[in-house]
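Chemist: Below are the sequence and a predicted model for it; my questions follow.
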Amino acid sequence: MSSRHDHQLKIDSTTDNFELMRDENGQAMYRVETIIKQHRDPLTFTQVSWLGGHGQHDMESDDMYFEGQSIDTTQEGRVFLGPLINEVNKTGDVDLDSAPVKFMWNPTVGELIMATAGEIYRYDVGSNGKWTVATTTVAGVTDLAMYKGVAFAGRGASTAYMYSTDNDSWTTSTLTDKFANYFLVSPDLTGLTEVLWKAKTPNEVARAQTGINGATGDDDWRTPNFVGDTTANITNLFLLNNQLMVGRVDGLWHLDSDGNTHQQRPDLLANRSTDNFKYVTEWQAGVYHSEIDGMGEIWSYNNYEPMGPLFRTDDIAKRGDIVGLAADKDWLYVGVDEGTNTIVYKGREVRKDGDLRWEWCPWVFLGTKGSAALAVVQHSASDRRLWFGYTNSTAYVILSDNPTDDTAARFAPSGFVRMSYDLGSDLINDKLWQSAVLQVTGGASGETVQVKYRKDTDTSATSIIAAAATNGTFETNFSSALTSKRIQFELHLASDTSTATPEVSYFQAKGVEKPTVVRIHKVFYKLGDSPTQRVSTLRSLLRLAGSTTNLIRFADLRYGDSTVDGATYVWCSVEPGFPKEPEFEHAKKMQPGIAVEVWLREVSFSLT
């Protein structure tokens, strides 16, 4: 190999050596330039609001996050522990006979009652804070309703319903039409009084003025209307803008004042489920209901839209079944059985940047405890609670407009928020994380904040800042070197007392992003008339390099490189617009030089 040759190229199947053009000072006309791709400098991940709720895999909206547990993110600019679960059993602190089916507040008696498969229970009899079994055994309850000071308990299509005026002694209906799965109270046609509706599976709906024993005429149950056929059961009755709606396994019907039925959801004929309209609640101007394994919103006649805590959250790999719905004036509460765990989400629809969006907070974590009932109950002017089933027990959390400024509020012992993945400016770039800045209110020896992370393919979180009891703004270096392609951070909050919680209002992780560097070889190759440097041969070969769709092997012979298999070389591609063929004029008495200018971009490919 001639010592005059500087570079070697393998273009397609042809290998040739090239001599660098030199300037009048003898310097080789060759340089390597590096292009540093755009990147974040400095690299930071910052979150100062979690109001947007869970369900965001990669960081896009700056106030959303991946998921959480026993956490409250419904206050602007801060995250703190969710409410404490207060378990309530029956007298003697023993479990109920079975799981709760329904809660209902009786305003006439001023008492909360709850039904299971075997009994009706009364809450706080004698101020004992427990459940007391009603004197009369009321088994098989499917629904509870209050109508004109009387509590009604539906018990299915083959067992007579019962009613009571004191929650303790219950009377079995002896009317001719005495079976009911569901009840509903609605205004009558005049709007001056109310009427009681009942549904009996599979498809009967009837109304009465009283529904108690001895009723005659309009006070007794009128001839039923038949809604749909008998191949599917009614699942619920509810009102939509004072129109009677009948939910069924196979759809939704409107029963008008003339007894005519109008099908509203024919699409459910091919999506039958016992969960369709099983749970229904009203919130603000809409009606919200369970549907298959999700839920939906009806805001006006024949206007429907799917929604819910897990709607459009496929990228965080969550699914679940609705196991309860409830609402107050500000919030919608949704119980979701996610398979292993049950979570109560707290959500609302708000306007952000001109668009409406739902914000869902994973507020109450029931763990493996099951629930099939959810109810908002106001026990007094200052005592509002969300009640729910707790396997064969019950539990509640205190409802508060501003928990951290409410002496009655109680907080969970621990909880976390898992923030969205940060990908940097390019997923392939290495990111080196070194520290985090936190702003904490309420930090103390018993109220701590711990930082964890998950990077790349991690399926569990690892601690990177130990539980800190610091109050105020502080920066802490990570306990170990942390390098990632993608990463998400978690804030784990804990408190040793139910009356206090730490609050985080600012989190920022700091690091360095190492961007991809592109190397471009800018070179002038000398051409001549010697047998090894025939102008036409080398020019044609370099022109082929500019048009080929194959990668080119490039070796710098000055460093002992070679394009042969197993040797040291790099893969390159000729930049667009090259090669070029300029002339160069050097010092006096020297002939102009003929050269070809080529720009070669290095690329990374594992080829042989």
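Modeler: Happy to help now that I have it. Numbers count the residues shown, from 1 in each chain.
Chemist: mind checking pLDDT for Leu144?
Modeler: If you check Leu144, the pLDDT there is 99.
Chemist: so what's the closest residue in space to it that isn't next to it in sequence bridging to?
Modeler: Once flanking residues are discounted, Leu144 sits nearest to Met104: 4.1 Å by CB to CB, 6 or more residues apart in numbering. Where you see a C-beta, it was placed from the backbone N, CA and C, and this is true even at glycine. Under the criterion DSSP bridges, Met104 forms beta bridges with Ile113.
Chemist: Burial check on Met104, number of neighbours?
Modeler: 21 (other CB atoms under 10 Å).
Chemist: show me the residues around it that make contact.
Modeler: Applying CB atoms under 8 Å, 6 or more residues apart in numbering to Met104 gives the contacts 112-115, 144-146, 151, 375.
Chemist: Pick out whichever of those residues sits closest to Val364.
Modeler: The shortest gap between Val364 and any of the contacts of Met104 belongs to Ala375, at 13.6 Å (CB to CB).
Chemist: In what element of secondary structure is the closest one found?
Modeler: Using DSSP states H and E, Ala375 maps to strand 374-380.
Chemist: One more: Leu541?
Modeler: When elements are assigned from DSSP H and E, Leu541 belongs to helix 535-547.
Chemist: buried set for whichever helix or strand comes after that helix?
Modeler: Downstream of helix 535-547, the first helix or strand assigned by DSSP H and E is strand 552-556. Applying a neighbour-count criterion of 16 or more other CB atoms under 10 Å, one finds 552-556 buried in strand 552-556.
Chemist: Stretch 80-100 now?
Modeler: 80-86, 88-90, 96, 99-100.
Chemist: still on that earlier bit, how about the buried residues of strand 552-556, which pair is most distant?
Modeler: Using CB to CB, those span at most 13.6 Å, a distance reached by Ile552 and Asp556.
Chemist: contacting residues for Asp321?
Modeler: Contact partners of Asp321, counting by CB under 8 Å, 6+ apart, are 275, 293, 336-337.
Chemist: give me that answer again for 6 Å
Modeler: Contacts for Asp321 (CB atoms under 6 Å, 6 or more residues apart in numbering) come out as 293, 337.
Chemist: ok, now the one 5 residues further on?
Modeler: Ala326 is in contact with 281, 333, 374-376, counting by CB under 6 Å, 6+ apart.
Chemist: let's see 7 Å
Modeler: By CB atoms under 7 Å, 6 or more residues apart in numbering, Ala326 lies in contact with 281, 333, 374-376, 386.
Chemist: try Tyr65
Modeler: With CB under 7 Å, 6+ apart, Tyr65 has these contacts: 50, 54, 56, 417-420.
Chemist: Need the max-distance pair from those residues.
Modeler: The span of the contacts of Tyr65, defined through CB to CB, is set by Gln56 and Val417 at 11.7 Å.
Chemist: Among these two, which residue is more densely surrounded?
Modeler: The neighbour count for Gln56 versus Val417, taken as other CB under 10 Å, is higher for Val417 (27 against 21).
Chemist: so that one is in which element?
Modeler: Assigned by DSSP H and E, Val417 falls in strand 414-418.
Chemist: which secondary structure elements does the following helix or strand past that strand contact?
Modeler: Note on strand 414-418: by DSSP H and E, the next helix or strand toward the C-terminus is strand 430-441. Where contact means 3 or more CB pairs under 7 Å, 6 or more residues apart in numbering; DSSP states H and E, strand 430-441 is packed against strand 447-455, strand 472-484, strand 503-514.
Chemist: For the second one, output the C-alpha coordinates as PDB.
Modeler: Which is strand 472-484. The C-alpha trace of strand 472-484 is given here as PDB (Å, rounded to 0.1, in the frame of the first residue of the first chain):
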ATOM      1  CA  GLY A 472     -39.400  24.500  53.700                       C
ATOM      2  CA  THR A 473     -37.400  24.500  50.500                       C
ATOM      3  CA  PHE A 474     -34.300  22.300  50.200                       C
ATOM      4  CA  GLU A 475     -32.100  20.500  47.700                       C
ATOM      5  CA  THR A 476     -30.800  16.900  48.300                       C
ATOM      6  CA  ASN A 477     -28.300  15.000  46.300                       C
ATOM      7  CA  PHE A 478     -29.400  11.500  45.200                       C
ATOM      8  CA  SER A 479     -28.000   8.600  47.200                       C
ATOM      9  CA  SER A 480     -26.500   6.900  44.100                       C
ATOM     10  CA  ALA A 481     -25.600   7.700  40.500                       C
ATOM     11  CA  LEU A 482     -28.700   7.600  38.400                       C
ATOM     12  CA  THR A 483     -28.500   7.200  34.600                       C
ATOM     13  CA  SER A 484     -31.500   6.600  32.400                       C
END
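Chemist: I'd like to know which elements it is packed against.
Modeler: When contacts are defined as 3+ CB pairs under 7 Å, 6+ apart, strand 472-484 packs onto strand 430-441, strand 462-468.
Chemist: pLDDT of it, averaged?
Modeler: 94.
Chemist: for that strand, which positions count as buried?
Modeler: If you call a residue buried by 16+ other CB under 10 Å, then strand 472-484 has these buried ones: 478, 482, 484.
Chemist: ok, the second one touching Ser463?
Modeler: No - taking CB atoms under 7 Å as the contact criterion, Leu482 and Ser463 are not neighbours in contact, 11.5 Å apart.
Chemist: Where does pLDDT dip in the stretch 351-500 of the chain?
Modeler: When residues are selected by pLDDT under 70, none of them lie in the stretch 351-500 of the chain.
Chemist: Tell me the bridge partners for Ala468.
Modeler: Counting by DSSP bridges, Ala468 is bridged to Val449.
Chemist: meant to ask about Val517, not that
Modeler: Beta-bridge pairing of Val517 under DSSP bridges involves Ile36.
Chemist: ok, it to Thr142 distance?
Modeler: As judged by CB to CB, to the nearest Å, Val517 and Thr142 stand 69 Å apart.
Chemist: quick one: which of these two has more around it?
Modeler: Set Val517 next to Thr142 and count neighbours by other CB under 10 Å: Thr142 wins out with 21 against 10.
Chemist: What separation do you get for the more buried one and Thr313?
Modeler: Per CB to CB, Thr142 is found 32 Å from Thr313.
Chemist: report the angle between the axes of the following helix or strand past the strand holding Ala375 and strand 374-380?
Modeler: Helices and strands here follow DSSP H and E; after strand 374-380, the next one along the chain is strand 383-389. Per axes from the mean of the first three to the mean of the last three CA atoms, to 10 degrees, the angle that strand 383-389 makes with strand 374-380 is 150 degrees.
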